[in-house]
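[1] just coords:
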């Protein structure tokens with residue numbers, strides 16, 4: 001069964017498989033090892049199941065090709081749950097292949113045996129448990145057909161809603177390849193001729209219709225918000241529509257944002273409440289999940305603003321329950337002519353002037369704040385090599401980058417992604433490994449010290465494993481710096497803050513890297529960081545930037561104050577920014 005399943009996966013275009021070692025999963029391990037040796041797929045072995053799950057997620061996140069992850073039974077399967085949840089919420093195709101005990105060993109106290117049936121609950125697009133294989137007829141067609149269904153559900157055929165699939169595979173002993181190929185098996189185990197898959201899958205309906213209509217209406221005062229999208233290339237499509245219309249764009253730091261259409265320090269302008277009240281959009285058009293700024297949620301809840309969504313699946317984000325219309329993704333392509341140059345020129349010009357003033361005032365403040373999270377993250381993004389892939393960590397890292405970067409200064413193409421399905425800090429090192437391996441070119445990751453330590457085992461690579469070219473920049477503020485910027489960081493709550501929120505570890509990251517055989521460098525200046533990022537070394541390296549989190553709360557408050565003053569000054573600027 002294991003050999004047939006792997007053969008059918010290859011026929012369906014699966015190129016990468018992740019394996020965590022175990023005894024009950026041995027048949028699958030032998031099958032993928034043979035396929036790897038025959039150059040039919042690329043095998044990645046990890047000793048930690050949680051790292052294995054996030055590696056599979058990272059491999060699939062940019063490629064959008066499902067990646068199977070194989071584990072043995074018991075707690076090994078449970079350790080995949082965080083990655084499965086992230087894949088579920090972020091619409092990342094993944095196939096969990098968990099080995100299990102046969103029925104006669106369940107509920108008997110047998111070692112490493114638990115109830116794995118639908119262990120991930122509603123987080124999978126599909127679950128199937130195979131019958132325990134035996135030497136009898138009628139199994140080959142079932143095995144191959146089920147694999148076809150699994151891949152279809154993972155990529156979102158026909159719904160367009162990609163995500164994780166769980167296949168549970170019970171095996172009886174012997175678990176080593178002792179069955180001889182002497183022609184006595186009762187049926188042929190061959191697939192279809194000419195290497196065709198058993199199930200012919202049509203292309204996934206990734207742009208499935210959600211609401212009918214001729215197109216997106218040409219509302220002159222429309223603000224476009226771009227959040228995290230399942231495929232980073234989707235961000236360019238919505239940005240091109242906004243450009244055709246002349247609408248301003250505020251984008252979180254994810255997607256292909258190299259064309260510089262988004263406003264600089266965009267989320268800061270939403271914090272300028274008095275200015276925003278004077279230049280309120282009539283409509284906000286949202287693409288992707290917005291997860292970083294409370295001011296975004298405040299804007300969307302404004303009763304004077306109409307909120308519309310563009311989505312590529314049957315799911316969309318609406319935590320405030322304010323969306324009035326949902327557009328299918330295909331609407332974007334047919335709306336260009338409809339909205340062409342429809343923007344209110346004076347209103348849009350005011351937004352562009354405000355963005356220009358933010359660049360003049362906020363940009364230098366961010367650059368001069370070195371060493372800080374905002375300075376370090378924006379420095380990295382502005383100096384990435386062309387065609388780079390970037391994983392943006394959760395917590396403070398994503399927010400620092402959102403506030404500090406200026407997309408209009410990024411001249412090179414950058415594909416930025418994050419684990420924003422649940423925005424957790426676990427598994428980020430392994431996700432970055434997967435992204436880099438799938439990207440096939442120098443790749444980068446930005447994350448905090450707690451995020452890095454959470455998944456430092458993701459750095460463990462065996463001598464025969466494929467190795468990516470990956471630079472991980474760790475912003476080390478010795479603890480949970482984000483809590484200092486939230487309510488818990490207010491002075492009146494200082495008594496217990498460090499122990500239960502700040503959680504400093506004092507970990508020596510150089511020793512962490514040394515123990516895992518990974519090259520380490522501490523960036524001693526902004527110029528040093530620029531050099532390390534602009535000229536990345538091959539293989540895996542970790543770059544540490546140390547910052548003091550004690551000033552982060554005041555620093556952000558000062559940044560907002562500077563932004564408020566800057567956009568107020570934009571009112572007096574000449575109108576040369578108006579569209580011609």
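    Everything's here; your move. As the structure is a computational prediction, the values presented were derived from the model and not from experiment.
[2] looking at the protein, which helix or strand is least sure?
    In the chain, no helix or strand scores lower on mean pLDDT, DSSP states H and E than strand 255-256, which sits at a mean of 88.
[3] Is the residue of the chain positioned farthest from its centre within a helix or a strand, and which one?
    Centroid-distance maximum for the chain: residue 184 at 47.8 Å, with C-alpha atoms, centre = their mean. Assigned by DSSP states H and E, residue 184 belongs to neither a helix nor a strand.
[4] helices or strands up against the least confident helix or strand of the chain?
    helix 234-245, strand 414-417 (3 or more C-beta pairs under 8 Å, 6 or more residues apart in numbering; DSSP states H and E). Placement of C-beta: from N, CA and C, glycine included.
[5] Adjacent strands (with direction) for the last one?
    If I follow you right, that is strand 414-417. In the sheet, strand 414-417 lines up against strand 255-256 (antiparallel), strand 388-392 (parallel) (DSSP bridges).
[6] Okay, angle between the helix or strand following it and strand 388-392 too, please.
    As assigned by DSSP H and E, the chain's next helix or strand after strand 414-417 is helix 428-439. Using axes from the mean of the first three to the mean of the last three C-alpha atoms, to 10 degrees, the inter-axis angle of helix 428-439 relative to strand 388-392 is 160 degrees.
[7] Which neighbouring elements make contact with helix 428-439?
    helix 49-63, strand 388-392, strand 443-448, helix 449-454, strand 470-476.
[8] export the ones you listed to JSON lines and tack on distance to residue 163?
    Formatted as JSON lines, these follow (distance: least, C-beta to C-beta, whole Å):
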{"stretch": "helix 49-63", "distance to residue 163": "10"}
{"stretch": "strand 388-392", "distance to residue 163": "20"}
{"stretch": "strand 443-448", "distance to residue 163": "23"}
{"stretch": "helix 449-454", "distance to residue 163": "23"}
{"stretch": "strand 470-476", "distance to residue 163": "26"}
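[9] Tell me which of these sits nearest to residue 268.
    For residue 268, the closest of the helices and strands packed on helix 428-439 is strand 388-392, at 17.7 Å, according to C-beta to C-beta.
[10] Would you mind listing the buried residues in that closest one?
    Buried residues in strand 388-392, counted by 16 or more other C-beta atoms under 10 Å: 388-392.
[11] can you give me the offset of it from its chain's centre?
    Remark: strand 388-392 is offset 10 Å from the chain centroid, using C-alpha atoms, centre = their mean, to the nearest Å.
[12] For it, which outside residues touch it?
    With contacts defined as C-beta atoms under 8 Å, 6 or more residues apart in numbering, strand 388-392 is touched by 58, 62, 253-254, 380-381, 384, 398, 401, 412-418, 428, 431-432, 435-436, 439, 441-447.
[13] Flag the shaky bits of the stretch 151-300 of the chain, pLDDT-wise.
    179-182, 202-214, 257-260 (pLDDT under 70).
[14] where exactly do the helices run in it?
    234-245, 266-270, 273-278, 294-300 (DSSP state H, counting those that start in this stretch).
[15] other SSEs contacting the second one?
    Read that as helix 266-270. Here helix 266-270 touches strand 249-251, helix 273-278, helix 294-300, helix 345-368, helix 396-404, helix 552-570, going by 3+ C-beta pairs under 8 Å, 6+ apart.
[16] between those, which one is nearest to residue 147?
    Short answer: helix 396-404, nearest of the helices and strands packed on helix 266-270 by C-beta to C-beta, at 36.2 Å.
[17] got the angle for that closest one vs helix 345-368?
    Angle of helix 396-404 versus helix 345-368, following the same axes, to 10 degrees, is 120 degrees.
[18] by contact count, what packs against helix 396-404?
    Counting contacts by 3+ C-beta pairs under 8 Å, 6+ apart, helix 396-404 packs against helix 266-270, helix 373-382, strand 443-448, strand 470-476, helix 482-485, helix 552-570.
[19] for these, which one sits closest to residue 533?
    Nearest to residue 533, of all the helices and strands packed on helix 396-404, is helix 373-382, at 5.3 Å by C-beta to C-beta.
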